[in-house]
Structures are given as C-alpha cells and as structure tokens.
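>>> The following block contains a protein sequence and its predicted model.
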Amino acid sequence: MNVLARSARAAVKPIRLTRFYASETPTSNDALRLTFVVPHKSLYKATTVQQVNLAATSGDMGVLANHVPTIEQLNPGIVEIVESAEVTKKFFVSGGFATINPDSSLNINAVEASPLEEFSLEVI
C-alpha cells in the first residue's frame, strides 16, 4: 500500500501558479493612439492623445498609454479626451464599445457621439 501511495503522489504533481503583476508605466514618450468612430464618420483616426476617460458598464475608467488590454461596453455618458495639458474635448456617447489594445491604441466605436458644445441648456 505504501508503494501505491508514493507512486500516486509522484504522478500527481502540484501545479505551481505564477503570479504576474503590471509593470510601471515607462517614462518614455509612449503615447496613446485614439481612433474614435461613429457609423457615419471618424472623429479621431490614430490620433496621439495623453488620456481618455470613459463611462464603461464596469465603472468609470481612465486610459493611458500601456494600459492593460481590455474590451469595455460603454454606458451613455461622457467620453473625455485629453489631447494635451491645455486641450480637452468632451463628447456625449449614447453607447458603444472601447477596445484597449496591447500596442497602446484605443478604439472607440460609438452608436452616436456629439461634442458637448453642441448641447444647450435653453433647448432642454
């Protein structure tokens, strides 16, 4: 019986799990490339930006260069695009998807998107 127990233990080796962690963002000039499209036009096409803030179904998120790759469904809400320290543009998006790729590119496919400047409190 002892021989059988030893051979069973040798046959079933425990699996060693390795844990991986995200690395710090490099200090190089890596930039986020944004492609933002709606069915009838392209708002941004592989444009270099600093950051994009999204309203996703999993929660609000900010996307920088070298972000972990993911696909997110967008809630109706604001997409904020930080082009530089001085220039920020905001769009209202009715829904869609955001795909964050390993090469620091972000694709936003929206059903409808309108700049916030087009909205007026007087019309509402």
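On my side now, so go ahead.

>>> Which residues are in contact with the residue most central in space within the chain?
Geometric centre of the chain, nearest residue: Ile100, 4.1 Å, by CA atoms, centre = their mean. Residues in contact with Ile100 (CB atoms under 8 Å, 6 or more residues apart in numbering) are Val63, His67, Val68, Pro69, Thr70, Ile71, Glu72, Leu106. The C-beta positions use only the backbone N, C-alpha and C, and glycine is treated the same way.

>>> Any of those buried? List them.
In these, burial by neighbour count holds for Val63, His67, Glu72, Leu106, counting by 16 or more other CB atoms under 10 Å.

>>> thinking again about what came up before, if I look at the residue nearest to the centre of the chain, how far off is Ile108?
Distance, Ile100 to Ile108, by CB to CB, to the nearest Å: 10 Å.

>>> got the contact list for Lys41?
Contacts of Lys41 by CB under 8 Å, 6+ apart: none found.

>>> Since that was my last question, I'll sign off now.
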